[in-house]
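Visitor: Sharing a sequence plus its predicted fold:
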Amino acid sequence: MTTLSERISQSVFDGSRLRVILLLDLHEGAQREFLEAYEHMRNSVASVPGHISDQLCQSIENPSQWLITSEWESAPPFLAWVNSEEHVQTVQPLHSCVRDTRSLKFNVLRETGQAFSVAPEQQRRPPADARASVRVGDGVVRHALTFTVRPGSEETVAKILAGYSAPAARVDDHTRLQRTSLFMHGNRVVRAIEVQGDLMAALRHVARQPEVRAVEEAINPYLEQDRDLDDPNSARIFFTRAALPAVHHVSGEGRRPREVNRHALFYEAKEGCGLAVARLLSEQDEAAAAHPEYPIVSSTVFHREDLVVRLVDVSGPIEDHAVAALGVQGPRKAAALARLLVDGDRLPTALDVQPGDAAVARYVSRVDMQLITDRLAPEEN
C-alpha cells in the first residue's frame with residue numbers, strides 16, 4: 001500500500017523507479033541531424049549504470065514535435081549522469097536541432113502491468129507501489145545554481161551580487177518567484193531559488209530581466225569558467241554545469257516560530273562520496289523533523305558530484321543549535337559523516353555532542369556560507 005508522507009515534499013531517495021520525459025520542438029529541416037544525434041545519445045546512455053530503457057516518439061499531429069522517454073532504476077543514477085561532463089558533451093549535438101525543450105521527471109509509484117518484456121533481473125524488482133511514498137508537497141519547486149569566481153575577486157563579486165534590484169515576482173498566471181537566497185563560501189557562489197509553478201518558465205523570466213542581465217554581465221570577468229551570454233550555446237553549457245539540484249526537502253509540520261534564520265551549510269565530499277553525504281544528511285533531517293522541538297524548521301539538500309549544500313531555516317540563532325545545524329545526531333553519525341568529507345578530520349566525532357557543544361559550533365561556523373542576499377517576494381494583493 002502506498003504511504004503518504006506528511007512532511008517530505010521532495011526526495012530522490014525513496015527507491016522507486018524514475019521516468020524521465022523530454023519534450024522537444026525541432027527546427028524545420030533538422031530531423032535527419034536530430035535522429036543521428038539521438039542515436040549517438042542512445043548508444044552512450046545504454047551503458048550508464050541504472051539506465052533501464054528509453055523510447056523515441058514523434059507526434060502524430062505535428063511532426064516537428066518529438067518525445068524522448070527513459071526509465072531508470074531510481075533517481076540518483078540519473079542525476080549522477082545528467083549532471084556529469086559526459087552528459088554535457090553527449091547532448092551537445094541535439095541543441096542545434098531543437099527550438100525548444102522541456103524536461104519532466106517522475107517517480108513511478110503504481111503500475112498496472114508490464115507493457116514490454118524485461119530482463120529477468122528487472123522482473124525481480126518489487127512493484128513500484130510496494131515501496132514508494134506519496135509526498136504531499138507544498139507547490140514549491142526548489143533549485144540552485146553554483147559556480148566559482150577567480151580567487152581574490154570574492155569581495156567585489158559579493159558587492160555586485162548584493163546590489164541588484166529584485167526582478168518582478170510574477171512570471172505568468174501559473175508561475176511566481178517566491179524566494180532567492182544567495183551565499184558565498186570562499187570563491188564559490190550558490191544561488192538558491194524557490195518557485196511556485198514552472199521552474200523553467202521562471203528561469204527564463206529571470207534571465208530576461210534587465211537588472212539580472214546587468215549583474216550577470218558585471219560578474220562575467222571574475223568567473224573561473226568563461227561564458228558568453230550573447231551566445232546561447234555558451235550560456236546553456238555554463239548553466240548546465242552550474243545546476244545544483246535539490247534532492248531532498250523536509251519541513252516540520254505546523255512549526256513556524258517568530259525568529260527564523262536562513263543558513264547554507266557547505267559540505268565538500270571526498271571523491272565519489274557526494275551522494276552518500278547527501279543521503280546521510282537527508283535521512284537525518286527526515287528522522288529529526290518528526291520531533292516537535294527540533295530547531296530546524298525546514299531543510300533542503302542540494303547535491304552535484306562531490307558538492308553538497310544544505311539550506312536550513314533555523315529557529316533562533318544558529319550558534320544555539322550547532323548540532324542540529326550540522327545535520328547529524330550522535331557520535332556514530334558524526335563519525336560516518338567525517339569519513340565522507342574532505343575536511344572530516346576537523347569534525348568532532350569522539351564526543352556525545354550536546355546542543356551547545358563549542359567544538360561543533362566552531363566546525364559549523366567553518367562550513368556556514370556567507371549570506372549575501374535573501375529576498376522574499378512581496379505578497380500578492
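Guide: On my side now, so go ahead.
Visitor: does residue 214 sit in a helix or strand, and which one?
Guide: Per DSSP states H and E, residue 214 falls inside helix 210-219.
Visitor: Just the mean pLDDT for that helix, thanks.
Guide: Helix 210-219 shows a mean pLDDT of 89.
Visitor: could you point out which element follows it?
Guide: For helix 210-219, the following helix or strand on the C-terminal side (DSSP H and E) is helix 232-242.
Visitor: What strands line up against the helix or strand just after that next one, and which way round?
Guide: Note on helix 232-242: by DSSP H and E, the next helix or strand toward the C-terminus is strand 243-251. If you go by DSSP bridges, strand 243-251 pairs up with strand 8-11 (antiparallel), strand 140-148 (antiparallel), strand 296-304 (antiparallel).
Visitor: Could you identify which of the ones you listed has the lowest mean pLDDT?
Guide: Across the strands paired with strand 243-251, strand 8-11 gives the lowest mean pLDDT, at a mean of 82.
Visitor: Give me the sheet partners of the next helix or strand after that strand and which way each runs.
Guide: Using DSSP H and E, the helix or strand that follows strand 8-11 in sequence is strand 18-26. The strands beside strand 18-26 in its sheet (DSSP bridges) come out as strand 65-72 (antiparallel), strand 98-107 (antiparallel).
Visitor: how about those strands, which one is nearest residue 216?
Guide: Nearest to residue 216, of all the strands paired with strand 18-26, is strand 98-107, at 21.7 Å by Cβ to Cβ. Quick note: C-beta positions are derived from backbone N, CA and C, even for glycine.
Visitor: Quick check: mean pLDDT of that closest one?
Guide: 90.
Visitor: before we move on, back to that, what is the helix holding residue 214 packed up against?
Guide: helix 154-162 (3 or more Cβ pairs under 8 Å, 6 or more residues apart in numbering; DSSP states H and E).
Visitor: From the centroid of this structure, which residue is nearest?
Guide: residue 245 (1.3 Å; Cα atoms, centre = their mean).
Visitor: For beta bridges, what are the partners of it?
Guide: residue 143.
Visitor: Of the strands paired with strand 18-26, which stretch is the most buried?
Guide: Compared across the strands paired with strand 18-26, strand 65-72 shows the largest average neighbour count, a mean of 18 (mean count of other Cβ atoms under 10 Å).
Visitor: List the contacts of it.
Guide: With contact meaning Cβ atoms under 8 Å, 6 or more residues apart in numbering, strand 65-72 is reached by 17-26, 34, 38, 45, 50-59, 78, 108.
Visitor: which of these are buried?
Guide: Taking 16 or more other Cβ atoms under 10 Å as the criterion, what is buried in the contacts of strand 65-72 is 17-20, 22, 24, 26, 34, 38, 45, 50-51, 54, 56, 78, 108.
Visitor: Check the secondary structure at the residue of the chain positioned farthest from its centre for me.
Guide: The centre of the chain is farthest from one residue, residue 29, which by Cα atoms, centre = their mean lies 35.1 Å away. Under DSSP: H, G, I helix; E, B strand; the rest coil, residue 29 falls in the coil class.
Visitor: do you know how far it is from residue 98?
Guide: 13 Å (Cβ to Cβ, to the nearest Å).
Visitor: how close does residue 29 sit to residue 67?
Guide: Residue 29 is 20 Å from residue 67, by Cβ to Cβ.
Visitor: quick one: least confident helix or strand in this protein?
Guide: helix 120-123 (a mean of 46; mean pLDDT, DSSP states H and E).
Visitor: List the buried residues for stretch 219-232?
Guide: Neighbour-count burial for stretch 219-232 [16+ other Cβ under 10 Å]: 219, 222, 223, 227.
Visitor: any low-confidence regions in the protein?
Guide: 1-6, 113-133, 253-257, 349-356, 379-381 (pLDDT under 70).
Visitor: Now for the buried residues of stretch 219-232: which two are most distant?
Guide: 222 and 227 (11.5 Å).
Visitor: Name the residues contacting each of the two.
Guide: Contacts common to residue 222 and residue 227, judged by Cβ under 8 Å, 6+ apart, are absent.
Visitor: With distance to residue 262 added, can I get the strands paired with strand 18-26 in a markdown table?
Guide: Listed next are these as a markdown table, based on distance: least, Cβ to Cβ, whole Å:
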| stretch | distance to residue 262 |
| --- | --- |
| strand 65-72 | 32 |
| strand 98-107 | 26 |
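Visitor: Now do the contacts for the residue nearest to residue 34 when sequence neighbours are not counted.
Guide: Leaving aside its sequence neighbours, residue 34 sits nearest to residue 97 (Cβ to Cβ, 6 or more residues apart in numbering; 4.1 Å). Shown in contact with residue 97 (Cβ under 8 Å, 6+ apart): 26, 27, 30, 33, 34, 37.
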